[in-house]
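Asker: Need a 3D model of the following:
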Amino acid sequence: MNEIDNSFEQVRQIIENSRNNALKKVNEELILMYQGIGKFLSEQAEKASYGDNYIDSLSAYIQERFPGIKGFTRRGLYRMKQFYETYAGNEKVSPLVTQLSWTNHLLIMSGCKTDEEREFYMLLAIKEGYSKRELERQIDSAYYERYMLSKEKLLPEPIKGLKENPFLDTYVIDFLDLPSGYKESDLKNGLIQNMKDFILEVGKDFTYIDSEYIVQVGGEDYKIDLLFFHRGLQCLVAFELKIGKFKPEYISKMDFYLEALDRQKKKEHENPSVGIILCAAKNDEVVEYAMSRTLSPMMVSEYQLQLPDKDVLQKKLQELVNTPLIEDEE
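Answerer: Okay, the predicted model is just below:
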């Protein structure tokens, strides 16, 4: 790129940043408006005149004063009221609400049962920059329940030492269309072909490097199924894919790969490489025994090819943390 092209690129970046800031400001004002109207309606609900007729009349009044304005139907106004009442007095989420789109707020309000779950998805959507489709997929796949259950599992000591644990005990890869009697190569190729969806599942901090990544030891080539770099952890992450149940011998193979990566590929400023053995099924006791002596940071996780039953996961989480769920409001 020559000097003139470079200067033009700087102007383009200024324009792009300004446009993005303007859109953020518009969204912030929109959310504050909905919140303000919701507060007004919540306060009016204490009066005898409030009811469906009141809401219908207000909707008609707004449509008359602002022809063509969208979102101010009876249903839209009730959603604004619900939005205000859902977060009223919650100081934790007050600075977060204007950072999300109204569409994502509606998904969170309709798909979550507790304050903790709503706050989780708000933070996640902001951090990952989720679109409507991406956020909807994470809620439908019970990402919150899977994340919380993973946190409660006994993690290997090297993983515990990390500043964050971005890994899940169970990954849902429902976006694959695998043939019956599929092989490990089918699983690997399916993930490569659907890498955008796989990145959404494992987290956008993962940067894909290569498949069948070669490390050479003793003059022989060894292939790692999938290799990523995690920006948050600042380390290489190796995935080994297994279509069957976990076997203890998988640990020594992953140890070998991680040692090769750390000796040959890891840069000085990076952290030790991490390994994920992704199996169709596992027994936690067998995994604990197999990993009890390894010093390498690695985890064994399961994958599912279909969306999980959220009710089942919610019950498991409730039993684990011993906190009652809040039932859906009528």
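Asker: For the rest of this, base every contact and every neighbour count on C-alpha atoms.
Answerer: Fine.
Asker: immediately after the least confident helix or strand in the chain by mean pLDDT, which helix or strand?
Answerer: Ranked by mean pLDDT, DSSP states H and E, the helix or strand of the chain with the weakest confidence is helix 157-160, at a mean of 67. Under the assignment DSSP states H and E, the closest C-terminal helix or strand after helix 157-160 is strand 170-172.
Asker: what's that following strand packed up against?
Answerer: helix 195-202, strand 298-304 (3 or more CA pairs under 8 Å, 6 or more residues apart in numbering; DSSP states H and E).
Asker: Can you give the strand pairings for it, parallel or anti for each?
Answerer: Strand 170-172 sits in its sheet next to strand 298-304 (parallel), going by DSSP bridges.
Asker: Now find how far off-centre the partner strand is within its chain.
Answerer: Its chain's C-alpha centre lies 17 Å from the corresponding centre of strand 298-304 when counted by CA atoms, centre = their mean, to the nearest Å.
Asker: What residues sit buried inside it?
Answerer: Neighbour-count burial for strand 298-304 flags Met298, Met299, Val300, Ser301, Glu302, Tyr303 (criterion: 16 or more other CA atoms under 10 Å).
Asker: repeat for stretch 139-155
Answerer: Applying a neighbour-count criterion of 16+ other CA under 10 Å, the buried positions in stretch 139-155 are Ile139, Ser141, Ala142, Tyr143, Tyr144, Glu145, Arg146, Tyr147, Met148, Leu149, Ser150, Leu155.
Asker: and the last one, what pLDDT?
Answerer: It refers to Leu155. You'll see Leu155 listed with a pLDDT of 65.
Asker: cool, Tyr208 as well?
Answerer: For Tyr208, the pLDDT comes out at 97.
Asker: Got the phi and psi for it?
Answerer: Its backbone dihedrals place Tyr208 at phi -70, psi 130, with angles given as degrees, to the nearest 10.
Asker: If we ignore the residues flanking it in sequence, what's nearest it?
Answerer: On the basis of CA to CA, 6 or more residues apart in numbering, the spatially nearest residue to Tyr208 that is not a chain neighbour turns out to be Phe228, at 4.5 Å.
Asker: May I ask which helix or strand encompasses the one you found?
Answerer: When elements are defined using DSSP H and E, Phe228 is found to belong to strand 220-230.
Asker: Packing partners of that strand?
Answerer: Other elements packing on strand 220-230 under the criterion 3+ CA pairs under 8 Å, 6+ apart are strand 206-217, strand 235-241.
Asker: wait, which of those strands is closest to Gln13?
Answerer: With CA to CA as the criterion, Gln13 lies closest to strand 206-217 of the helices and strands packed on strand 220-230, at 23.6 Å.
Asker: Provide a list of residues in contact with Glu249.
Answerer: The neighbourhood of Glu249, defined by CA atoms under 8 Å, 6 or more residues apart in numbering, contains no residues.
Asker: same check, this time on Leu41
Answerer: So Leu41 contacts Lys81 (CA under 8 Å, 6+ apart).
Asker: that older thread, does the residue nearest to Tyr208 touch Ser211 like I think?
Answerer: No - contact between Phe228 and Ser211 fails when scored by CA atoms under 8 Å: they sit 9.1 Å apart.
Asker: thinking again about what came up before, which one of the helices and strands packed on strand 220-230 lies nearest to Arg133?
Answerer: Each of those was checked against Arg133 via CA to CA, and the shortest separation belongs to strand 206-217, namely 19.4 Å.
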